[in-house]
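Chemist: show me how the following folds:
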Amino acid sequence: MYKPKVIRPTCHGDWLNERDKGIGASEVGAVLGLSPFETPFSLWLKKTKQAEREPENQAMKMGHMLEPVVAQLWEEATGEKVIKASAADIIYVHPDYDFMRATPDRIVRGRKKLLEIKTTVTTVDPDDIYPHWLAQVQYQMYVTGIHDADLAWLVQGRYFDYAHIPYDEEFAELIAGMVSSFWNDFVVGGKEPDPISVDDFAFKGSEPGKTVDADDKAVMELIELFQLNEDLDERESRANELKTALKLFMGDAESLVLNGKVLATWKSGARGRSFRLKDKLIEELITGEKYED
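Modeler: Residues are numbered from 1 along each chain as shown. All right, here's what the predicted structure looks like:
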């Protein structure tokens, strides 16, 4: 077991600067093509300063705020205690590869063990954990030299569970090799990864004069899209006609009612009058089934 280098950023800006000097554990899923949020191409753009990183969104912010809660739930479930070691506090660097970096969420007190924390709105199967989560934890163990870890998660702010992640040396070595190739070939070497997503190709742009022959699948998709667009245009046109008719019928009235129930409103506001349907009550009118709140 080796001892990693340790960097202690003085502030969040310092941490961001250090993060861009290598590949962090949260970025490994993108390198391996496993991430549902990032591709090798989009990660390469950010690492080479060709694209800005997205600002922290609400989901990320809530994840950071709930991290201590999940850690406490894990402590209660296991009887063990953790030392706070979040991304803002410390960065571990592999002793032989300066570009391999990790910021474990927690370290278990009195043990050589990591705890990675996740918050999500999707169901998590303890027997079939998301591959990009597993890759992240394996990479953390590889970088830190701490070859033991748990992964804890909170679903929709209410369902907690955790799983032990044993060190898989073969998988960890595979990850390390792919990270090394990505860093040396693409980030340092200047080679461009293949674009694989719509966003990738949108950023890359089109090549003037280039054409591609449609295959049978593309032709069928094109026909289906055309038919759907025609149907949407027809439905939108009819919807506008119906709205106009209803607005004329309502005149200067604010609500359209039936048997004392408001089915639609056309209220005045700062930006003019706004037309709204009371969907649940109209559904009740159609089906005859009373809607219960």
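Chemist: what is the helix or strand containing Glu18 packed up against?
Modeler: Using DSSP states H and E, Glu18 falls within helix 12-19. Applying 3 or more C-beta pairs under 8 Å, 6 or more residues apart in numbering; DSSP states H and E, we find helix 12-19 packed against strand 91-93. Quick note: C-beta positions are derived from backbone N, CA and C, even for glycine.
Chemist: can you give the strand pairings for the strand it packs on, parallel or anti for each?
Modeler: Partners of strand 91-93 in the sheet, by DSSP bridges, are strand 5-7 (antiparallel), strand 101-102 (antiparallel).
Chemist: tabulate these (JSON lines), appending distance to Ala71, mean pLDDT and mean neighbour count.
Modeler: JSON lines is the format used below for the strands paired with strand 91-93 (distance: least, C-beta to C-beta, whole Å; pLDDT from 0 to 100; neighbours: other C-beta atoms under 10 Å):
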{"stretch": "strand 5-7", "distance to Ala71": "21", "mean pLDDT": "90", "mean neighbour count": "13"}
{"stretch": "strand 101-102", "distance to Ala71": "17", "mean pLDDT": "94", "mean neighbour count": "27"}
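Chemist: for Phe186, find the nearest of those.
Modeler: Phe186 sits nearest to strand 101-102 of all the strands paired with strand 91-93, at 16.6 Å, using C-beta to C-beta.
Chemist: count of neighbours near Gly145?
Modeler: 14 (other C-beta atoms under 10 Å).
Chemist: so it sits against Val6, correct?
Modeler: No. With contact defined as C-beta atoms under 8 Å, Gly145 does not count as touching Val6 (11.6 Å).
Chemist: can you list the weak-confidence ranges in the stretch 51-200 of the chain?
Modeler: 84-88 (pLDDT under 70).
Chemist: ok, now which ones touch Ile175?
Modeler: The contact partners of Ile175, taken as C-beta atoms under 8 Å, 6 or more residues apart in numbering, are Val28, Val31, Leu32, Ala135, Gln138, Tyr139, Tyr142.
Chemist: of those, which is the nearest to Lys280?
Modeler: Ala135 (44.0 Å).
Chemist: name the SS class of that closest one, please.
Modeler: helix (DSSP: H, G, I helix; E, B strand; the rest coil).
Chemist: next one: the nearest residue to it once chain neighbours are set aside relative to Phe249, how far apart?
Modeler: Spatial nearest neighbour of Ala135, chain neighbours left out: Val28 (4.9 Å); criterion: C-beta to C-beta, 6 or more residues apart in numbering. As judged by C-beta to C-beta, to the nearest Å, Val28 and Phe249 stand 60 Å apart.
Chemist: got it, and Tyr167?
Modeler: Taken as C-beta to C-beta, the span from Tyr167 to Phe249 is 70 Å.
Chemist: what does Arg158 give?
Modeler: 46 Å.
Chemist: counting neighbours, go ahead and name the busier of these two.
Modeler: Neighbours were tallied for Arg158 and for Phe249 using other C-beta under 10 Å; the higher tally belongs to Phe249 (11 against 6).
Chemist: show me what contacts the more buried one?
Modeler: Leu256 are the contacts of Phe249 under C-beta under 8 Å, 6+ apart.
Chemist: same thing but 6 Å
Modeler: Residues near Phe249 by C-beta atoms under 6 Å, 6 or more residues apart in numbering: none.
Chemist: what are the phi and psi values for it?
Modeler: phi -70, psi -40 (degrees, to the nearest 10).
Chemist: over to the one 5 residues further on?
Modeler: Backbone torsions of Glu254, given as degrees, to the nearest 10, read phi -90, psi -30.
Chemist: bridged to the closest residue in space to it that isn't next to it in sequence, which residues?
Modeler: Spatial nearest neighbour of Glu254, chain neighbours left out: Lys267 (5.4 Å); criterion: C-beta to C-beta, 6+ apart. Assessed by DSSP bridges, Lys267 has beta-bridge partners Ser274.
Chemist: hang on, Lys267 packs against Ser255?
Modeler: No. The pair Lys267 / Ser255 is not scored as a contact, 8.1 Å apart, by C-beta atoms under 6 Å.
Chemist: the two: which is more packed in?
Modeler: When Lys267 and Ser255 are compared for neighbours, Ser255 comes out ahead with 14 against 11, by other C-beta under 10 Å.
Chemist: domains of this protein: list them as residue ranges, please.
Modeler: Here the domain assignment for the chain is 5-204, 212-248, 252-293, based on automatic domain parsing.
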